[in-house]
Each structure stands twice: as C-alpha cells, then as structure tokens.
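Q: sequence and predicted model, in that order:
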Amino acid sequence: MRKLLIILTTLISTITFAQKDTSNLKLDEVIIIGVRSDSKTPVTQKTITKEDIQKGYSGQDAPVLFQSTPSITLESDGAIQNGYMYYRLRGIDQTRINTTLNGIPLNEPEDQGAYFSNYTDLLNSMSSVQIQRGVGTSTNGSASYAGSVNLQSVNLLDSSYSNIQSGIGSYNSSRFSVGLNSGLKNNFAFYGRFSSTNSDGFRDHSGTSANTMFFSGGYYGKKDIIKLVAFSGHSENQMAYLASKDSILKNDFTNNPLTSGETDHFVQTFVQLQDIKTLNQNSTLTSSLYYTGLQGNYGVLGAVGLPASYNPSIVISNYQLFSDLYGVMSNYSYTKNNLRLNLGINTYYYYREHLMDSISLLPSTQSYKNRGEKEEVSAYVKISYDIKKFTLYGDLQGRAINFSYYQLSGIGDSLIKNNVNWSFLNPKFGAKYNLSNNTDFYFSIGQSHQEPTRTNDMFNGSDNIPSSLRFLPTILQNIVDYELGSNYKTNKLNIQYDLFYMNSTNEYVPIGGLSTALPLMQQVQTIKRMGFEFDLNYKLSKHFRYYFNTTIMKGIIDNNGVNINPVLTPKLIINHGIDCYYNRFSVGLNGRYVDQSYLDLISQNFILPSTPIQNLFLNNAFFKFKINKNFNLSFNINNIVNSKYYTSGYVQLDQPFSPQKVPYYFVNATRNYFLSINATF
C-alpha cells in the first residue's frame, strides 16, 4: 500500500500542475473539498458561521460550541471550557464522529478520536464549522458513523487587520491571543495567530496550559490558488480523567482522585499544502498533501483505573506516544446545468509507537514497547441531479484499510506481528423536494461501516498485548441511517426539523465501567436509535434574535434477545437563548437542559441525573460593549444559577476487590466568570 501511496501522490501532482492554460479565469476563495453538503444535499446538518462562532467566544475549546447544536452532550475532565473534553452525538462517542479541517482528517487513526485539547483556541482561526448528523455525506479519514464535523480555516481574502485578545477569569484562568491577516496584496495573502490559554481548573489539581501557533498563506494566480495551512499545539495538563464518588462529592465537589503529580505533555503538528485549480468553466480540481505528527507522555501513580485514594503509590509509570501520518487527498468537482459531480480520493500511511517504563515494587509490572501501523485508501463518487423541483442524490464510498501491530519489547515477549485487513462500501441515496423558495423536504438512507478502535475495541482497554494473544474480535461495525426532514427559510425565520432512525449491528458500546482509565466496551448484536430534532432561529427584530433546538430520542439495544438502554443517551436535550444587539451593546442569555441517562449497561441500576431545571431557564450569558471602533470589552458568566450537577460518569467498585459497585461522576463547574478585551486595527 505504501507503493500505491507514492504512485497516487505522483499522479495527482501531475494532474494538478499540468492542466491547460486558463489564464482568463480568476479564482475566488472557494475551497472545493467535497466533504461538505450544500443547500441541495438531502442530509441533516447545521453550518455555524464565523459570526456565530465569535458571538460569545472567549477562547473555549471547539466542543463547547458543538453542544449548542442539536443532539450533543459534553463532559470536561477539569469541569471547565478548556482542556480534555469529550462529546457525544445522538448518544454515540466522538471516536465514531468524523472530524476534518479543510477536508483533511483530524481523527487519530488508531483510536479514532479528535482531541481539541492539543490545539487551543482553534476556533479563532476558523471561518465556519459544519456538523452533519447521521452518516451524512462521504468524507475522508475515520468513519462518519454518528456524524461528521468539518472545519474550514480562516478566509485569507478578508480585509487586512491585526488583532490582540486578552482575558482573565475564575480558577486563575487567562488567555492571550494575537493575530494578523494581511489581506490580498500582489497575489499573496497570509494569516497568523499565536494563542495561549491557562487555568487551574475547577476540580482539584486539574490545571491546563496550552499554546498554539496557526499559519495560513496563499498565492492567488490566474489559474490556481496554492495554500499552506499549518498549526502546532503544545499542551500540558494535570490529569483528571477519573471521576469521583457521589458520597465524596457531596462534601467536596471539586474532588479529583488523581494526584497533583500525574501530568501529561503533548505536542501536535498539522501541515496541509493545497492546490485549487479551475480546469474550465465547469470543473475544479483540489489536491492536498498533508502531515500530522504527535509526541508526548503522561505519568501515572498507582494502578490505572482505580481511585488514587485506594492505591499505594508504589507504581510510577511513564507512558510515551510518538506518531506520524502522511497523506494525500484530491477532489474533482464538475457542475453544469442540473448536474453536480464530485470524485474524491484519500490515502495515508500512519504509525504510532507506544512505550511504557515503570518503576515498581510489584513484580508483575513491566516495561514494554509496541507499534501500530495503519494504511488506508478510500474513494468516493457523489452525484446530484435536479429534475424540476426534485434533487436526486447518490453517494458511494469505498474504503480499504490495513492495520498491523508489532510487539517490539516486553518481559516474556518476542518480536511478533499481527495484521488485519478490512474492505467495504458505504452507499448513500437521497432526494430533496423544493416545495417553494422557502420550504423543502428531504429523505436519505445511508450506510456506514467502521473498523474497531485499537485500544478500546480490539485490546479490551489495554495498551499492550503479550505475544501469546492475537487480536480480539475484529468484526466491522455497521450502521444504516434513515433521515426524513424539512427546512424552512425566510429573512427572519429559519426552521429545520427531522426524524431519524439508526439501526446498528455489531457495534461496540460502553458498558459503564473502566479499563485502564478507558471505557470498557462490549460488542452487541443490534442497537436502534430513533428520534426527533428541531432547530429554530428567529429574528424578532433588528435588535433581537431567539434560537431554540431540541432532541427527543430513544435507544434500544437487543443483545441475545434482551432489550436494554444504551449508556449516556438522554431522552431529551434542550438549548435555547436570546441575543440582543443595540448600538454598542450585545447581550446573550441561554438555557440548557439534558435529561437523565443510564450509567451502566448490564444492571441499569445507576443513573446520571438530569441537569437542574433552573439551568433550562438561565444557564450562561455574555455581555459585549464596543468602546470605540478598535476596542471591545466582553464578559462571560457560566452557570449563572450556580447549580451543582454532573455531566457524565461511570460505575466502578466501591473498594478494590469489593463486589459492591457505585456510581462515579464528572462534575460541572459552579458559577464562573471570564473578562476579555479585544483590540482590532
């Protein structure tokens, strides 16, 4: 497959830079990346504009923005809006949500999650975000199983400006960011930003410190746009990945069972070189070479997965990760009359080394070193055709994946290699009916397969396996998604609503416990998820805007004839708020409610309580004041009513070797503040 990667890279480069002269054509800042849906595509999606991102933005990590859209739940290790946080879409965790930047995969290929904590303040350098719910359209990288998140980087053709942002807040939090956009000058444009965020965290010793450098530059010629997008993020965190018992939290709501000495340190780098070429009046070719690198380590005291208060500090383990990903992506787009065609191909080679060194008084503890390698070739074709008031849509993706595991060292282990291959097709079909200029209805059916993750699914939560073992079950997960919805749009009112039905087979689902600090997973025969989503934006007047979205959903797992509820899948989620704009003032108030959900799969005896009802009426707020044309002052208040509630959790033994299980919870921070000043010239 590596030879194929080289051949494809050479072929795409030849196609990209050897087209006929189109000197009379002038390209705009339109990035045809193929993975986003347009207004005629029959999928369920929400596109968040730059204005929406900046509305109440004070440096929060990206998942905080996501939770303002339908069907998203969120938890944060440190209970604040930066650092490690995890989100779920329709009850499905983020390892099954595809994430891309300008069409380039951001999901880590082995365990398939995208970790925004490694690159703080990323949204400040984005022009828009599109969230597709359900399998959506075909994309690049990890499977779009629950949905997909596509980020698009800043528009270089914006007017030139320089910008400085600084802020302080609760828990000794601070933020500093400086950015510059040159605008277009002599066919060149560039953008750069440096950002730094720091916080002690709400929970005990759960602090985070992160810096990110982001750069984008481009050449705008008569035939091409050639762009470079790159960022490098550096983060250091005091770890808080373990929850706390309810009995402890009643007296100590900020409790963190991990110790202050358990920290991590990671550096992640992303580079994309992109060429956008107009071939003629109807077609465009976009090609990218890309690279992602990650290195870091974290230290653990005691046995991983059990509260530190129960563990003698006789084990000191240092876990190290090193990975590189090299890839190439190309998309051909053709539009003429009623026909739209997209052809895309993506391929990458990835490897990651896992190392653990341990100092221990326990003879069973050992050091190890192993490596995972993953290669993928995927391609898709998308066709959309208008027939009077109808738009018919077809989408077919093929993926071929190889994963290899190398046991490099470890007591009692010899050099071994395990290898597994997957190949599959993901078909999607749909239709949209345009009743009028304001109203449309759509239906789609799509299938997506997903290979198991390395640690959670194949290794049952372990980071290393001895030579006597081979892979655990590697059956593909399969989901078929049905979407029926409608959009209504006027100058003042936008409404989107849909019904969804998702039928999965052989899916790995969390059972509610932990294994080596990761969720224990179990493969089930069938899981059905169904629900209703409603999203409204209403411009009451030129000064007021009201928004409301809600999700009503239900999940049923059929495992060997027994029906049970999936964990962390609330039946009701509500977001709503009102924004007011008057002269120099902007004010926003919002409310949020998340219904209770189950914490354990087997007994169904433990519940994650719902959000307090008062937070539905008043949750967060922001205030902005424009001092003059250059300076803005903003003030954010989170959890205004000062509620104490939980955002996620799991079930664990009350004491080591005890048969009694109890719930452990992750908390949400109580009332907190952040004050910012923004200067733009």
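A: Received it, and whenever you're ready, just let me know what you need.
Q: when you work out contacts or count neighbours from here on, use the C-alpha atoms and nothing else.
A: Fine.
Q: show me where the protein dips below the pLDDT cut-off.
A: By pLDDT under 70, the weakly predicted segments of the chain are 1-33, 302-315, 359-366, 410-416, 466-473, 516, 656-658.
Q: what ranges do the helices span in it?
A: Using DSSP state H, the helices of the chain run over residues 2-17, 50-54, 62-66, 246-249, 614-617.
Q: which elements pack onto the last one?
A: With contacts defined as 3 or more CA pairs under 8 Å, 6 or more residues apart in numbering; DSSP states H and E, the secondary structure elements packing on helix 614-617 are strand 585-594.
Q: any residues touching the strand it packs on, and which ones?
A: Applying CA atoms under 8 Å, 6 or more residues apart in numbering, the contact partners of strand 585-594 are 56, 73, 570, 572-581, 610-613, 615-626.
Q: what residues of it count as buried?
A: Ser586, Val587, Gly588, Leu589, Asn590, Gly591, Arg592, Tyr593, Val594 (16 or more other CA atoms under 10 Å).
Q: ok, now how distant is Leu156 from Leu540?
A: With the distance defined as CA to CA, to the nearest Å, Leu156 ends up 33 Å from Leu540.
Q: list the contacts of Ser76.
A: By CA under 8 Å, 6+ apart, the neighbours of Ser76 are Asn82, Gly83, Tyr84, Met85, Tyr86, Thr647, Phe666, Asn668.
Q: neighbour-wise, which one of these leads?
A: Among these, Gly83 has the most neighbours (other CA atoms under 10 Å), with 32 neighbours.
Q: show me where the stretch 251-400 of the chain has its strands.
A: 263-278, 283-301, 315-336, 339-360, 368-387, 390-410 (DSSP state E, counting those that start in this stretch).
Q: no wait, the stretch 401-550 of the chain
A: Counting by DSSP E, counting those that start in this stretch, the strands of the stretch 401-550 of the chain are 416-434, 439-450, 477-489, 493-515, 518-539, 544-559.
Q: and the stretch 101-250 of the chain, by the same measure?
A: Using DSSP E, counting those that start in this stretch, strands in the stretch 101-250 of the chain cover 104-105, 126-133, 147-153, 161-169, 173-181, 188-199, 208-220, 224-238, 244-245.
Q: direction included, what does the last one pair up with?
A: According to DSSP bridges, the neighbouring strands of strand 244-245, each with its direction, are strand 661-667 (antiparallel).
Q: could you give the angle of the partner strand to strand 493-515?
A: 130 degrees (axes from the mean of the first three to the mean of the last three CA atoms, to 10 degrees).
Q: buried ones in strand 661-667, by neighbour count?
A: Of all the residues in strand 661-667, those buried under the rule 16+ other CA under 10 Å are Pro663, Tyr664, Tyr665, Phe666, Val667.
Q: stretch 185-195 too?
A: Across stretch 185-195, burial judged by 16+ other CA under 10 Å covers Phe188, Ala189, Phe190, Tyr191, Gly192, Arg193, Phe194, Ser195.
Q: adding distance to Thr69, write the residues you listed out as a markdown table.
A: Shown next, in a markdown table, are the buried residues of stretch 185-195 (distance: CA to CA, whole Å):
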| residue | distance to Thr69 |
| --- | --- |
| Phe188 | 36 |
| Ala189 | 33 |
| Phe190 | 31 |
| Tyr191 | 29 |
| Gly192 | 29 |
| Arg193 | 27 |
| Phe194 | 28 |
| Ser195 | 26 |
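Q: from these, pick the one nearest Phe674.
A: In terms of CA to CA, no member of the buried residues of stretch 185-195 lies closer to Phe674 than Ser195, at 16.4 Å.
Q: do I have it right that that closest one meets Ser166?
A: No - the criterion here is CA atoms under 8 Å, and Ser195 misses it with Ser166 at 9.7 Å.
Q: now do the shared contacts for these two.
A: Counting by CA under 8 Å, 6+ apart, the residues touching both Ser195 and Ser166 are Arg175, Phe176, Ser177.
Q: list the contacts of Met530.
A: Met530 is in contact with Leu499, Phe500, Tyr501, Met502, Met553, Lys554, Gly555, counting by CA under 8 Å, 6+ apart.
Q: Asp558 contacts Val524, correct?
A: Yes - proximity of Asp558 to Val524 meets the contact threshold set by CA under 8 Å, at 7.3 Å.
Q: before we move on, the earlier item: in TSV: the buried residues of strand 661-667, plus distance to Gly91.
A: Shown next, in TSV, are the buried residues of strand 661-667 (distance: CA to CA, whole Å):
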residue	distance to Gly91
Pro663	19
Tyr664	19
Tyr665	17
Phe666	17
Val667	19
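Q: who touches the residue lying closest to Ser333 once chain neighbours are set aside in this structure?
A: Among residues not flanking Ser333 along the chain, Asn342 sits closest, at 4.6 Å (CA to CA, 6 or more residues apart in numbering). By CA under 8 Å, 6+ apart, Asn342 lies in contact with Gly34, Asn331, Tyr332, Ser333, Tyr334, Tyr380, Val381, Lys382, Ile383.
Q: now Asp498: closest residue in space that isn't a chain neighbour?
A: Gly485 (3.8 Å).
Q: count the residues that sit near that neighbour.
A: Using other CA under 10 Å, Gly485 is surrounded by 21 other residues.
Q: just checking the distance from stretch 445-453 to the centre of its chain.
A: On the basis of CA atoms, centre = their mean, to the nearest Å, stretch 445-453 sits 17 Å off its chain's mean C-alpha point.
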